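Colleague: Sequence first, predicted coordinates after that:
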Amino acid sequence: MKSVRFITFGCKANQYDTQVLREALVRRGLAEGDRDADLVVVNTCTVTSEAGRKARQVIRRIHRETPHARICVTGCLAESEPEVLRELPGVEWVLGNGEAKRPASFLKSLGYEVDPEELGIPAGITEFAGHTRAFVKIQDGCDKSCAFCIIPKVRGASRSRTVADVCTEVAGLVAAGYVEVVLCGIHIGHWGLDLGLQLADLLGALVRLAPTDPSGTRLPYRLRLSSIEATEVDERVLALMVEHPDRIAPHLHMPMQSGDDAVLARMNRWYTVDEYLAACARIRAVLDRPAFTADILVGFPGEGEAQFANTLATVEAAGFARVHVFPFSARPGTAAAEMRDVVAPSEVRDRRARLSELASELGERYRRSLAGVREMIVLEGFAGLSGRYQRVRLDPEEIDGPPPPSIDVVLEARAKADGSGTELFGRPVARAASAGAASV
């Protein structure tokens, strides 16, 4: 095999895992190819039945279009239904999670000889191919048992990486030019429990890093928590966010799932609506205009119109900057798949549309509130992502030369040309100051 192609489904943790496997194969001399690659690695997701269906569909298409390609399927679907995947045409290897994804084990499974000195190949990454932001997985697995989720069954119990490993990896990525590093995992609020530590211990070490370029100049970098439960943003984590506003993004993705206590109980979530909203209020009291984003399931078994109305009210009270709205999908192997009181598909579609409309209104309100705020934008061309997880555009004529990896700007909220809402623009700080833009 001389070339390899990667296809990744699912979460940030999966994208990180793919990069680990990519670097393991590149070290063995494989070039990353396209549709004519000799080896195709498909890293799968199994969080919903639809995710599994899409992965199987792609695998069949790969074999149909490139019958010579040798296919390796890995990830959560490979853990949950290996026998089904082995029967698909062209599939030569089915490797699940855990040990199967460790570089040395992965290489051995694919038939490569691994020298003794290679057994210690680090699981970390040195780059994040195709991205300007890098993801770093700080833990894997989950100790909870939400009724709708199969992930604990396919990823196992929560396991934390050491402070030293994560710090070394983050420092290396910053030195390689990544201005933002996203700390991800399956349940990052539980990082450290198996080490006798807490998430704040890791964050405290990371904000103290001082990576430099070859000339010895300190390199800027920003950390972002990918997803954390509202009840796990404790006082120590919050204190670090307050103390280091330029180092830790003021954005918290806090899955809510439902805004009704009865539905939360059926989901086997461990908080009430009041506890969730109290966490939002506590955070908002000390951070300047933090961005709250959330995942919400609509149509969970037993969710009636009254329960959905409670969710709408809770979403508005939380003041989310963005909401990811998902229709409930019964995943075989989960407790929710056996529940009665199934919501009619037409009702699910209607509720999804209504919640999405409210989320759009809240997003508009939040964007307008940011006018005049100074932010660092991590750029891809003349647009990029702010610390508050907002897409920000730049006017090319205000940038001297090619766009840099990041830039400090003052935000302006402008009406879209088509009248469909508001978008954010960033004026470089020096230009904004000379134009008096800070008072926009």
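Modeller: Looks like it arrived, so ask away.

Colleague: What are the boundaries of the strands in the stretch 101-250 of the chain?
Modeller: 133-137, 139-140, 159-160, 180-184, 222-225 (DSSP state E, counting those that start in this stretch).

Colleague: Let's have these in CSV, adding mean neighbour count and mean pLDDT.
Modeller: Quick note: C-beta positions are derived from backbone N, CA and C, even for glycine. Converted to CSV, the strands of the stretch 101-250 of the chain look like this (neighbours: other Cβ atoms under 10 Å; pLDDT from 0 to 100):
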stretch, mean neighbour count, mean pLDDT
strand 133-137, 24, 96
strand 139-140, 24, 96
strand 159-160, 20, 96
strand 180-184, 23, 97
strand 222-225, 22, 98
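
Colleague: can I get the ones you listed in CSV with distance to Glu380?
Modeller: Below are the strands of the stretch 101-250 of the chain laid out as CSV (distance: least, Cβ to Cβ, whole Å):
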stretch, distance to Glu380
strand 133-137, 9
strand 139-140, 28
strand 159-160, 31
strand 180-184, 11
strand 222-225, 15
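
Colleague: Below-threshold pLDDT in the protein: ranges please.
Modeller: Residues of the chain that meet the criterion pLDDT under 70 lie in 116-123, 432-440.

Colleague: biggest strand in it by residues?
Modeller: The longest strand of the chain (DSSP state E) is strand 406-415.

Colleague: buried sites along the lengthiest helix in the chain?
Modeller: Secondary structure of the chain per DSSP state H: the longest helix is helix 345-369. Buried residues in helix 345-369, counted by 16 or more other Cβ atoms under 10 Å: 347-348, 351-352, 354-355, 358-359, 362-363, 366-367.

Colleague: okay, those in a markdown table with distance to Phe320 next?
Modeller: As requested, those are arranged in a markdown table below (distance: Cβ to Cβ, whole Å):
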| residue | distance to Phe320 |
| --- | --- |
| Glu347 | 23 |
| Val348 | 20 |
| Arg351 | 16 |
| Arg352 | 16 |
| Arg354 | 15 |
| Leu355 | 11 |
| Leu358 | 9 |
| Ala359 | 7 |
| Leu362 | 5 |
| Gly363 | 8 |
| Tyr366 | 8 |
| Arg367 | 12 |
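
Colleague: So which of those is the closest to Met1?
Modeller: Of all the buried residues of helix 345-369, Arg352 has the smallest distance to Met1: 43.6 Å, by Cβ to Cβ.

Colleague: just checking, that closest one touches Phe328?
Modeller: No - the pair Arg352 and Phe328 fails to qualify as a contact (Cβ atoms under 8 Å) at a distance of 9.8 Å.

Colleague: Find the residues that touch each one of these two.
Modeller: Residues touching both Arg352 and Phe328 by Cβ atoms under 8 Å, 6 or more residues apart in numbering: 298-299.

Colleague: how many neighbours does Met376 have?
Modeller: A count of neighbours around Met376, defined by other Cβ atoms under 10 Å, yields 21.

Colleague: Partner strands of the helix or strand it falls within, with direction?
Modeller: In this assignment (DSSP states H and E), Met376 forms part of strand 374-380. Its sheet considered, strand 374-380 pairs with strand 383-385 (antiparallel), strand 406-415 (antiparallel) by DSSP bridges.

Colleague: Met256 contacts Ala294, correct?
Modeller: Yes - counting by Cβ under 8 Å, Met256 sits close enough to Ala294 to count as a contact (4.4 Å).

Colleague: Now do the shared contacts for those two.
Modeller: With Cβ under 8 Å, 6+ apart as the test, Met256 and Ala294 both reach 315, 318.

Colleague: picking up where we left off before, so of the strands paired with strand 374-380, which one's packed in deepest?
Modeller: Greatest average neighbour count among the strands paired with strand 374-380 goes to strand 383-385 (a mean of 22), per mean count of other Cβ atoms under 10 Å.

Colleague: distance between whatever helix or strand comes next after that strand and the chain's centre?
Modeller: As assigned by DSSP H and E, the chain's next helix or strand after strand 383-385 is strand 391-393. Its chain's average C-alpha position is 19 Å from that of strand 391-393, according to Cα atoms, centre = their mean, to the nearest Å.

Colleague: just stretch 329-340 next, same as before
Modeller: Mean-position distance between stretch 329-340 and its chain equals 25 Å (Cα atoms, centre = their mean).

Colleague: Contacts for the strand holding Met376, please.
Modeller: Residues outside strand 374-380 that contact it (Cβ under 8 Å, 6+ apart): 132-133, 179-180, 220, 222, 246, 384-388, 392, 394, 403-411, 426, 429, 438.

Colleague: Run through the bridge partners of the closest residue to Arg322 other than its chain neighbours.
Modeller: Excluding the flanking residues, the one nearest Arg322 by Cβ to Cβ, 6 or more residues apart in numbering is Thr293, at 4.4 Å. On the basis of DSSP bridges, Thr293 is bridged to His253, Arg322.

Colleague: now the longest strand of the chain and helix 345-369, what's the angle there?
Modeller: Counting by axes from the mean of the first three to the mean of the last three Cα atoms, to 10 degrees, strand 406-415 points 110 degrees away from the direction of helix 345-369.

Colleague: Name the residues that touch strand 406-415?
Modeller: For strand 406-415, contacts defined as Cβ under 8 Å, 6+ apart pick out 179-180, 220, 367-368, 370-379, 384, 386, 390, 392, 394, 399, 421-429, 432-433, 437-438, 440.

Colleague: about what we covered before: out of the strands of the stretch 101-250 of the chain, which is closest to Ala309?
Modeller: It is, among the strands of the stretch 101-250 of the chain and with distance given as Cβ to Cβ, strand 222-225, at 30.7 Å.

Colleague: now that closest one, how far from the centre of its chain.
Modeller: 11 Å.

Colleague: All the helices of the stretch 151-300 of the chain, residue numbers only.
Modeller: Assigned by DSSP state H, counting those that start in this stretch, the stretch 151-300 of the chain shows helices spanning 151-155, 163-175, 199-207, 235-243, 261-266, 273-284.

Colleague: Identify the residues contacting stretch 63-75?
Modeller: 1, 5, 9-10, 14, 17, 21, 35-46, 55, 59, 62, 85, 88-97, 100-101, 106, 110.
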